[in-house]
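1. can't give you the sequence, but here's the structure:
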């Protein structure tokens, strides 16, 4: 079983590149293009790691991270920004 990684970025090419590189290394990759989707996917899929962009429209990475850490269901997930 490989680790599940949630990649969050509003720039589609960034997401696609990371998804391709991680998939080749046998990671299970989930993608989101905004903060709200990232929060939903983190709760639903319980990833082992979140790679999170800082600068996104509507909800930046800092707010996403803050919400993740306040939620007992997602607080344990490591976040790399």
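-> Done, it's in. Note that this is a predicted model, so its numbers are computed, not measured. Numbers count the residues shown, from 1 in each chain.

2. Show the pLDDT at residue 45.
-> At residue 45, the model reports a pLDDT of 98.

3. State the number of residues packed around the closest residue to it other than its chain neighbours.
-> Spatially, and ignoring its direct neighbours in sequence, residue 45 is nearest to residue 30 (5.4 Å; Cβ to Cβ, 6 or more residues apart in numbering). C-beta here means a position set from N, CA and C on the backbone, and glycine is covered the same way. Using other Cβ atoms under 10 Å, residue 30 has 19 neighbouring residues.

4. Can you name the residues bridging to residue 30?
-> residue 6 (DSSP bridges).

5. count of neighbours near residue 7?
-> The number of residues packed near residue 7 is 24, by other Cβ under 10 Å.

6. So it is in contact with residue 18, correct?
-> Yes. Residue 7 is within contact range of residue 18, at 4.8 Å (criterion: Cβ atoms under 8 Å).

7. hang on, the earlier thing: quick one: contacts for the residue nearest to residue 45?
-> Counting by Cβ atoms under 8 Å, 6 or more residues apart in numbering, residue 30 touches 4-7, 41, 45, 47.
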